[in-house]
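Enquirer: I would like to see how this sequence folds:
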Amino acid sequence: MPNSFDKNAPAKIGIVTVSDRASRGEYEDRGGPAIHEYLSEVLTSPWEPVAKVIPDDRDTLARTLISLADDMRCCLIITTGGTGPAIRDITPDITEQVCEKMMPGFGELMRKVSLEKVPTAILSRQTAGIRTGSLIINLPGQPKAIGECLDAVFPAIPYCIDLLEGPYLTTNPERIEAFRPKKK
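Expert: Numbering: from 1, shown residues only. Model prediction:
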């Protein structure tokens, strides 16, 4: 079931940091602010962040993603953290659990780009999926990797949001050029 978005309101974008330590205040959240800064540089259309810092907890993450998609009507939800092989790394598993449709190309491209930088990128399980018209993308936790991954996939994000009947996102072409097929 697609989300109904208010075309006249700023696009809502969920930014979710998944970290036990950051959620307890023991560790500075650098991932969420890195995503916010990235979006501020790239998007030229009006948008509103909906930021959350939560623990690596299955129920909390599932409720958060569902709420951001179903209740808050975020057209895009970007998570950071919890994508590795450690026991507490559950973000891709919960994303897959709450999504109706998976978008594996996002994860494939992000891993390809990351592998060009560091051999341990093969351990990352980034993924993406669709829930009620919201695109959910899982990113690693390191700010540098966040930027590299978003640079790789962001050209396709506005068109994906279009296909989901979401708000029309525009980008700064000097930073990232959104790809949309030419109309015939």
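
Enquirer: got a list of contacts for stretch 114-131?
Expert: With C-beta atoms under 8 Å, 6 or more residues apart in numbering as the test, stretch 114-131 has contacts from 65-66, 69-70, 83-85, 89, 92, 95-96, 98-107, 110-111, 135-140, 145, 148-149, 153, 164. No exception for glycine: its C-beta is placed from N, CA and C like everyone else's.

Enquirer: Where does the residue most central in space within the chain sit: helix, strand or coil?
Expert: What sits nearest the mean C-alpha location of the chain, by C-alpha atoms, centre = their mean, is I78, with 2.0 Å. Of the three states, I78 takes strand according to DSSP: H, G, I helix; E, B strand; the rest coil.

Enquirer: State the distance from F106 to I146.
Expert: Note on F106: its distance to I146, by C-beta to C-beta, to the nearest Å, is 14 Å.

Enquirer: Kindly report the same for I136.
Expert: The spacing between I136 and I146, counted by C-beta to C-beta, is 15 Å.

Enquirer: One more: L163?
Expert: In terms of C-beta to C-beta, L163 sits 24 Å off from I146.

Enquirer: if you count what's nearby, which of those two comes out ahead?
Expert: I146 (24 against 11; other C-beta atoms under 10 Å).

Enquirer: mind listing the helices for the protein?
Expert: Using DSSP state H, the helices of the chain run over residues 20-23, 31-42, 58-66, 91-98, 104-115, 143-153, 157-163.

Enquirer: quick check, distance from the lowest-mean-pLDDT helix or strand in the chain to the centre of its chain.
Expert: When each helix and strand of the chain is scored by mean pLDDT, DSSP states H and E, helix 20-23 comes last, with a mean of 91. How far helix 20-23 lies from its chain's middle: 19 Å, per C-alpha atoms, centre = their mean, to the nearest Å.
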